[in-house]
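**Student:** here is my input; please provide its structure:
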Amino acid sequence: MSDYIADGKNQTAGALPDNAYDRTATPQTCSFAKSPNSVLFGEVAAEVGFFFGSSASFASIGAEADDTTRVTGSSFFTVVGTPAAGTTLNIHPTAYSCSKADKGKVFFVYNSGLSTGGR
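**Tutor:** All right, here's what the predicted structure looks like:
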C-alpha cells in the first residue's frame, strides 16, 4: 500500500515501497532461498537441479553433512536438464544447483502481488 500524503485539502498517493514491484534475484547455489514465483534462465551450459523442500528439511539434510547453510549432492535436487536462454519455468524451488560455469545464470523471479506489475 502506498502512503497517503495530506496537503490540507486533498490526499495524494505517496511513493510505493520496493516490495510493490516485481524483482529478480540470483541466489547462491546450493543455499536455501525464499521460494520464487518462477525461474528464468540465462545461457546455461550444463544441467540445473532444484530443491523443493522446506527450510526444516533443508537444514536437516545439511546437518547430516555438518553444514546447515548449504546442501550439495545431486540426490537432493530434481534435475530439469539444460533449458535454453530466456526459458521461464513456473516452478517454486527453494534452492538450485548447477555447474560453476553456470553460476549466476539462474534467476529467481518474485512478483509483487499487485495488479500494477513491474516498474
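**Student:** now the helices for the chain?
**Tutor:** 55-64 (DSSP state H).
**Student:** please report how far the residue positioned nearest the centre of it lies from Ala95.
**Tutor:** For the chain, Phe108 is the residue whose C-alpha lies nearest the centre (Cα atoms, centre = their mean; 3.0 Å). Phe108 sits 10 Å away from Ala95, going by Cβ to Cβ, to the nearest Å. All C-beta spots, glycine's among them, are computed from the backbone N, C-alpha and C.
**Student:** who touches both of these two?
**Tutor:** Residues within reach of Phe108 and of Ala95 at once, by Cβ atoms under 8 Å, 6 or more residues apart in numbering, are Pro27, Ala33.
**Student:** if Arg78 is in a bridge, with which residues?
**Tutor:** No, residue 78 isn't Arg; it's Thr. Beta-bridge pairing for Thr78 (DSSP bridges): Phe50.
**Student:** quick one: it from His92, how far?
**Tutor:** Taking Cβ to Cβ as the measure, Thr78 falls 12 Å from His92.
**Student:** between these two, which contacts overlap?
**Tutor:** Phe52.
**Student:** hmm, back to that, next up, the contacts around the residue nearest to the centre of the chain.
**Tutor:** For Phe108, the contacting residues are Thr24, Ala25, Thr26, Pro27, Ala33, Lys34, Pro36, Val39, by Cβ under 8 Å, 6+ apart.
**Student:** strands of this protein, start to end?
**Tutor:** Using DSSP state E, the strands of the chain run over 4-6, 11-13, 23-25, 38-41, 48-51, 78-81, 88-89, 95-97, 106-110.
**Student:** export those strands to TSV and tack on mean pLDDT?
**Tutor:** TSV is the format used below for the strands of the chain (pLDDT from 0 to 100):
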stretch	mean pLDDT
strand 4-6	63
strand 11-13	73
strand 23-25	90
strand 38-41	96
strand 48-51	92
strand 78-81	91
strand 88-89	96
strand 95-97	91
strand 106-110	94
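**Student:** can you redo those as CSV with distance to Ala59?
**Tutor:** As requested, these are exported to CSV (distance: least, Cβ to Cβ, whole Å):
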stretch, distance to Ala59
strand 4-6, 42
strand 11-13, 42
strand 23-25, 21
strand 38-41, 22
strand 48-51, 12
strand 78-81, 19
strand 88-89, 25
strand 95-97, 12
strand 106-110, 20
